[in-house]
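Student: Structure for the following, please:
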Amino acid sequence: MPQSLSYLLMHIIFSTKNRAPVLDLSIRPALHAYLATVYDECIAAFSGALKDAAEPGQAIDAPILDHPQFEQLEAKGLASHGGKIREAVKLVKHLTK
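Tutor: Below is the predicted model of the structure:
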């Protein structure tokens with residue numbers, strides 16, 4: 001029986017013009033917390049959209065689907081990045097046909 005396996009990793013790298021050290025140590029924890037929240041929202045929205053677009057009987061295994069606040073994260077992610085999420089889901093569906 002054919003199967004499709006994937007494992008999505010995301011690595012984000014930031015750089016400033018001329019590598020200027022503009023992020024002092026006092027704001028880094030708050031920035032990292034903010035980025036983690038945005039990441040969770042985007043992953044929840046993408047995983048939820050994939051789950052909704054899946055064919056009957058097709059399993060979507062994403063740990064974030066079991067998160068206690070999944071629906072809230074998904075709604076925030078769709079509100080902020082819904083257009084890009086829909087484009088990504090269309091691309092995934094096209095590539096997995």
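
Student: Would you point out which residue is most central in this structure?
Tutor: Ile43 (2.3 Å; CA atoms, centre = their mean).

Student: Could I get the contacting residues of the spatially closest residue to that residue that is not a sequence neighbour?
Tutor: Take Ile43 and drop its neighbours on the chain: the residue closest to it by CB to CB, 6 or more residues apart in numbering is Ile64, 5.4 Å away. The C-beta positions use only the backbone N, C-alpha and C, and glycine is treated the same way. Neighbouring residues of Ile64 by CB atoms under 8 Å, 6 or more residues apart in numbering: 40, 43-44, 47, 70, 73.

Student: So the residue nearest to the centre of the chain versus Lys84, what's the distance?
Tutor: Using CB to CB, to the nearest Å, Ile43 is found at 13 Å from Lys84.

Student: just Lys93 next, same as before
Tutor: For Lys93 relative to Lys84 (CB to CB), the value is 15 Å.

Student: Could you give the average pLDDT over stretch 90-97?
Tutor: What stretch 90-97 shows for mean pLDDT is 77.

Student: and it, how far out from the chain's middle?
Tutor: With CA atoms, centre = their mean, to the nearest Å as the basis, stretch 90-97 stands 17 Å off its chain's centre.

Student: Low-confidence regions, the chain specifically.
Tutor: With pLDDT under 70 as the threshold, the chain has low-confidence stretches at 1-10, 97.

Student: same thing but at 50, please
Tutor: Within the chain, the stretches with pLDDT under 50 are 1.

Student: Can you list the residue ranges for helices in the protein?
Tutor: 28-53, 70-95 (DSSP state H).
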